[in-house]
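> Next comes the sequence, and after it the predicted model I'd like to discuss.
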Amino acid sequence: MIAQGLDIVTTAAILYAVATGLLLVFGVMKIINFAHGGLMTLGGYAALVTTQMGLNPWLAIPAAALFGGVAGMAIERFAVRPLYGRPLDAILATWGLSIILGQLITIGFGRGVQFTRSPLEGTLDLLGESYSAWRLALVPIAVVLGLGLTALLQGTRLGLETRAVIMNEDLARGLGINSGLVRFLTFTLGSALAAVAGALITPLSSVDPNMGVPWLVNAFMLVLVSGASLFSLALSCLVLGGAQVLVSTYLSPVLGGLTIAVLAAVLLRIRPQGFARD
Amino acid sequence: MTESRRLSMLFIGFLLAAAVIGAGPYLLDTYSVNVLTRSLLYAAVALTVDLLWGYLGILTFGQSVFFAAGAYAAGLVFTHMDFTPGNAALALGLGVGGALLTAAIVGWLAFWHGASALYASVITLVLPIVATQLLYTGGEFTGSSSGLSGFTSFDISMEGWFWLAGGFLVCVTTLAVLFVQSDAGRLLVAVRENEQRCKYLGLDTSRLKITVYLACAVIGAVAGYLYAGYAMVVAPELAGFVFGTELVIWTALGGRGTLLGPVIGTLIVDYESAQLSGDYPFVWQLIIGVVFVLVIVAFPRGLLPVVADVPRRLFRSFLKRPARPVASVRLSTLDPALTQGEAPGDGPALAVEGVARRFGSLTVLDGIDFAARAGELVSLVGPNGAGKTTLMRCIADGAERSSGRIVVNGHDIGRRPPEACVALGVGRKFQMANVFETLTVAQCLQIARVRHARPSLWRRAGELHLPESAMHVIATTGLDRQLGTPAHLLSHGMKQALELAMVLALEPRVLLLDEPTAGLTKTERMQIGAILIDLARRQGLCVLLVEHDLDFVREISSRVIVLHQGRIVLDGSVEEVVNSELVKQVYAGSGHAGIQHQAAGREEVTP
């Protein structure tokens, strides 16, 4: 029972970490960044390089942010910016970039599955359960991530401008906000977050050139049911992630893998605004 | 191009393609014949992606699932039962049936009234993921991750399979071209361009999308069935997201919305993949990825139009032929006896009872009660934000109002969607001219008539019958001289006139007009005014008009309703309203209050 509770909370934390970058990009730019999966893979390989160089595994996180951020800048400049106004085409272009990233990684690192060192090894005793320390550590990390982004959006000038662009881009431009810059920075930040998420999940499994793709659809569905709110994202991660854990435990792991996508699709059919408040 | 010329060109194309397929095995080596058989079947699925995405505007990632449905039906039946002609037919039936059932579920989820394009794409994205996982869970039955192989199949030579696959592709491609060029096929483009206008022209766009989706599912399933018969192996990857996106990539590279482009694109890319992926697997994928991104960013129409443009331009510079669109449609007036049957009855044409519209705590309309008879020309006036347009919306779409009842021609509209309200006799003209920008004037009018005259699935009609009122608008505004002009080239006034003619072509009994004269010149305004008076007096329409220009209202209305802050404050003749102190107060007073309100709002914003 306790193990299951911990499973639900940690799964929600992982999903939250994976989906925030996508949510940010979707909220501001109204496009779905299909390169998100590729950027996560990039972050995973950043963690692998950190391990191979014998550095402190915690350094994987800033390294991933750096790689992801730089890749995001290039993607925004050359693929996303020209497609402003063609949102469905932007989906396809970012998917193409995801393919390119995956192939470059394959050429560089080979197709094989590889492992990284975890910043926190071993297990932790909690409420009489011995549980993976790194999984538990992801919960405060996700909380910090959420609070940090909220502070950025609510407490800074850039955050105010970003929120203005989310609500009404035309008006924001009319008021002298450089929405192009806001988009550029958002995409860079979103890409960096994707790569960080990749680095965060690698200690739980392994690294391979397609590791990001399975996460993409779940993250995508979570963002769609959450609208553009970080709070509703947390809620939907808990509810849908919880459902996933329960279905995996009591029915079958394969059906568990489908739970988020199917529930979200049906939820959106019944309540198009999803978990967003209106 | 005349209709018979178009059909004969298509027939010649069909014969040429069939000849190429027939000669193929004699000109190609065995290896190529083998690979191309697969490519030909993939191309048939890519064709369905183009129909859905290029024509209907639905970006679909899940066509692979229908291919897999056909393939797995064959694989399962031939593995678990004996191979007999009867079982082969059973397998085909199961494959097509399974694909239809899946498509119906997806259609119900993705194409309901009000679903966004993004949502529909998302559903098609979830579909292959669900399908693959289900195949994995099948255990022995579906062969799980390794799929099914080693089953007996049709005893057909390799050349035979090539001809079968090629023949299938040529047939479906020809039929698809025939269809998209026909009157019915044009509806696909109309839905992609402006789905809202389609609904308000009485077209059930959800049903249209689902029908096309079902047809595409069948094509995919048959292609998959042939694939399983020839390859004698099926694997879960056939249903997968990767194959589904590859189909989209091939379609984008070849040229969406061209039908031939995706077919050629698939043949080339899949054939080359087979050749090169053995030697340079990753580099080849990398090249495809780079080319794909370049095409999406720089040549969104794909490569076929770019390639086809080169000879066309050369040709044109030689011939110097003016590329002037010629209307191939003749207009004629319908016999008034044939236009929407029953004469205006005794009861009110439109009755609005206790209608309210609330957005959360904000009440935009409250307790609206009035009735209007046939032949009345009622103007709705009131300051901005009074709820005039909202009231129009509530009459034309049953899902809009929060409470109350609306009766059109004696029928309660209930919660009916716009297309069903059109069937009851409501015609709505929007505030901003709302037409199909890329279609010609004649084509826009044809689409407005679809509700009455069922369009042909393969022909283009040469004649268009319009009711007298629509013809009157077309003749007085000079639109009849511009039948071949694309709508986006029309002036603002002409577009407004075109939209009015389209709405009148619906033969409405209740006509809703939202500021029909906004942005028009004095002359155009007089023209419209005369037309409206004629519609109400002579044709017996009940016209409801939102208008700001009080002089115009005074000239044409038989009655005026004044709305203020969501309520009716006055309902009476033109004289009563013009001389009313209350109305002067509403306009002057609310203006004053509005200024105060704005000032207060500004203080709130700057802390």
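Yes, it's here. Nothing here was measured: the structure is a model prediction, and the numbers come from that model.

> how deep is B:Arg567 tucked in, by neighbour count?
For B:Arg567, the tally of surrounding residues (other C-beta atoms under 10 Å in any protein chain shown) stands at 16. Quick note: C-beta positions are derived from backbone N, CA and C, even for glycine.

> Ignoring the adjacent residues along the chain, who's closest to it?
Closest residue to B:Arg567 in three dimensions, ignoring its sequence neighbours and counting by C-beta to C-beta, 6 or more residues apart in numbering or on different chains: B:Asp366, at 5.7 Å.

> residues from the stretch 151-278 of chain A in reach of chain B?
A:213, A:217, A:220-221, A:224, A:252, A:254-255, A:257-258, A:261-262, A:265-266, A:268-269, A:272, A:278 (C-beta under 8 Å from any C-beta of the partner chain).

> ok, 10 Å please
With C-beta under 10 Å from any C-beta of the partner chain as the criterion, the stretch 151-278 of chain A meets chain B at residues A:209-210, A:213-214, A:216-218, A:220-221, A:224, A:252-258, A:260-262, A:264-266, A:268-269, A:272, A:278.

> how about the strands in the chain?
You didn't pick a chain, so chain A it is. Here chain A has its strands, by DSSP state E, at A:123-126, A:129-132.

> meant chain B, my bad for not saying
Listed in chain order, the strands of chain B (DSSP E) span residues B:148-149, B:233-234, B:330-333, B:350-359, B:362-372, B:377-381, B:403-408, B:411-412, B:426-429, B:463-466, B:510-514, B:542-546, B:559-564, B:567-572.

> re earlier: which one of the strands of chain A has the poorest average confidence?
Within the strands of chain A, the least confident segment by mean pLDDT turns out to be strand A:123-126, at a mean of 78.

> who touches that strand?
With C-beta atoms under 10 Å, 6 or more residues apart in numbering or on different chains as the contact definition, strand A:123-126 has outside contacts at A:Ile2, A:Ala3, A:Leu6, A:Glu129, A:Ser130, A:Tyr131, A:Ser132, A:Ala133, A:Trp134, A:Arg135, A:Leu136, A:Ala137.

> what sits against the fourth one?
Residues counted as contacts of A:Glu129 (C-beta under 10 Å, 6+ apart) are A:Met1, A:Ile2, A:Ala3, A:Gln4, A:Gly5, A:Leu6, A:Thr123.

> List only buried entries from the residues of the stretch 151-278 of chain A next to chain B.
Neighbour counting by 16 or more other C-beta atoms under 10 Å in any protein chain shown classes A:209, A:213, A:216-218, A:220-221, A:224, A:255-258, A:260-262, A:264-265, A:268 among those as buried.

> Against B:Phe66, how distant is the spatially most central residue of chain B?
Residue closest to the mean C-alpha point of chain B, counted by C-alpha atoms, centre = their mean, is B:Val191 at 1.5 Å. Shown here: B:Val191 relative to B:Phe66, a distance of 21 Å by C-beta to C-beta, to the nearest Å.

> Equivalent analysis for B:Val283, please.
When C-beta to C-beta is the yardstick, B:Val283 and B:Phe66 sit 31 Å from each other.

> again, but for B:Thr84
With distances defined as C-beta to C-beta, the gap from B:Thr84 to B:Phe66 amounts to 25 Å.

> got it, and B:Arg449?
Taking C-beta to C-beta as the measure, B:Arg449 falls 33 Å from B:Phe66.

> of the two, who's got more company?
When B:Arg449 is set against B:Phe66 and neighbours are counted by other C-beta under 10 Å, the residue ahead is B:Phe66, at 33 against 23.

> what sits against the residue nearest to that one when sequence neighbours are not counted?
Leaving aside its sequence neighbours, B:Phe66 sits nearest to B:Gly220 (C-beta to C-beta, 6+ apart; 3.1 Å). Listed by C-beta under 10 Å, 6+ apart, the contact set of B:Gly220 reads B:41, B:44-45, B:47-49, B:62-71, B:95-96, B:99, B:103, B:247.

> I'd guessed A:Leu55 sits against A:Thr116; true?
No. Look at A:Leu55 against A:Thr116 with C-beta atoms under 10 Å: they stay out of range, at 11.2 Å.
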